[in-house]
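Visitor: Got a predicted structure here, sequence first:
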Amino acid sequence: MTDRVAGLAFVLLAAGYVWLSAGYTASFGDPLGPAIFPRVVGIPAVVLGLALVIWPGHNARWAGRDGMIRQAAAVAILIGYALLLEPLGFVPTSFAVLLGLSLLMQAPPVPAVLTAAVAAPALYLLFDRVMGLPLPLLGTAFG
């Protein structure tokens with residue numbers, strides 16, 4: 001039953017994600033438009049969620065107290081990321097989130113710091129420079 005409930009929640013979230021993407025428009029230049037990425041992610045997510053509803057696993061069980069606390073912490077980190085992205089900028093916020101999630105998943109501290117220190121600027125370069133999606137390097141809090 002747990003898998004079916006999770007699958008149904010996933011279907012609803014993914015379907016909402018796809019539905020909201022219908023309002024994204026580009027004024028010129030991009031033949032696919034900004035809605036393509038949410039659809040590329042959302043449509044397979046709907047299908048996978050439906051598969052979970054139709055064919056649930058046989059050994060599903062809820063996470064224990066510690067697992068639920070870690071899940072809540074991960075959600076809090078991601079909400080913090082959304083709230084702090086503009087004031088702090090992409091690189092510092094991404095560094096903090098990558099580090100926080102790595103430590104939450106019990107990664108050793110030194111490799112977690114090194115990974116976050118390399119990944120945050122690399123992601124900025126990928127999105128901003130390579131893909132042409134403008135991101136704030138540093139946010140409004142830094143001037």
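Guide: Here it is on my side, so go on.
Visitor: Around V53, count how many other residues there are.
Guide: 17 (other Cβ atoms under 10 Å). Where C-beta positions appear, they are placed from N, C-alpha and C, glycine not excepted.
Visitor: How about the contacts made by it?
Guide: 3-4, 7-8, 11 (Cβ atoms under 8 Å, 6 or more residues apart in numbering).
Visitor: What of L104?
Guide: By Cβ under 8 Å, 6+ apart, the contact set of L104 is 70, 73-74, 77.
Visitor: For W19, identify the helix or strand it belongs to.
Guide: Taking DSSP states H and E as the definition, W19 sits inside helix 2-21.
Visitor: Enumerate the positions of that helix that are buried.
Guide: Using 16 or more other Cβ atoms under 10 Å as the burial criterion, the residues of helix 2-21 that qualify are 6-7, 10-11, 14-15, 17-18, 21.
Visitor: For it, give the mean pLDDT please.
Guide: Taken as a whole, helix 2-21 has a mean pLDDT of 84.
Visitor: Please tell me how far it is from the chain's geometric centre.
Guide: Relative to the chain's own centre, helix 2-21 is displaced by 15 Å; criterion: Cα atoms, centre = their mean, to the nearest Å.
Visitor: Keeping just the C-alphas, turn that helix into PDB.
Guide: Extracted C-alpha coordinates of helix 2-21, given in PDB (Å, rounded to 0.1, in the frame of the first residue of the first chain):
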ATOM      1  CA  THR A   2       2.900   2.400   0.800                       C
ATOM      2  CA  ASP A   3       4.200   2.100  -2.800                       C
ATOM      3  CA  ARG A   4       0.800   2.900  -4.300                       C
ATOM      4  CA  VAL A   5       0.400   6.000  -2.100                       C
ATOM      5  CA  ALA A   6       3.900   7.200  -3.000                       C
ATOM      6  CA  GLY A   7       3.300   6.400  -6.600                       C
ATOM      7  CA  LEU A   8       0.000   8.400  -6.700                       C
ATOM      8  CA  ALA A   9       1.600  11.300  -4.900                       C
ATOM      9  CA  PHE A  10       4.400  11.200  -7.500                       C
ATOM     10  CA  VAL A  11       2.000  11.100 -10.400                       C
ATOM     11  CA  LEU A  12       0.100  14.100  -9.000                       C
ATOM     12  CA  LEU A  13       3.300  16.100  -8.500                       C
ATOM     13  CA  ALA A  14       4.700  15.300 -11.900                       C
ATOM     14  CA  ALA A  15       1.400  15.900 -13.700                       C
ATOM     15  CA  GLY A  16       1.200  19.300 -12.000                       C
ATOM     16  CA  TYR A  17       4.800  20.000 -13.000                       C
ATOM     17  CA  VAL A  18       4.000  19.200 -16.700                       C
ATOM     18  CA  TRP A  19       0.700  21.200 -16.500                       C
ATOM     19  CA  LEU A  20       2.400  24.300 -15.100                       C
ATOM     20  CA  SER A  21       5.100  24.100 -17.900                       C
END
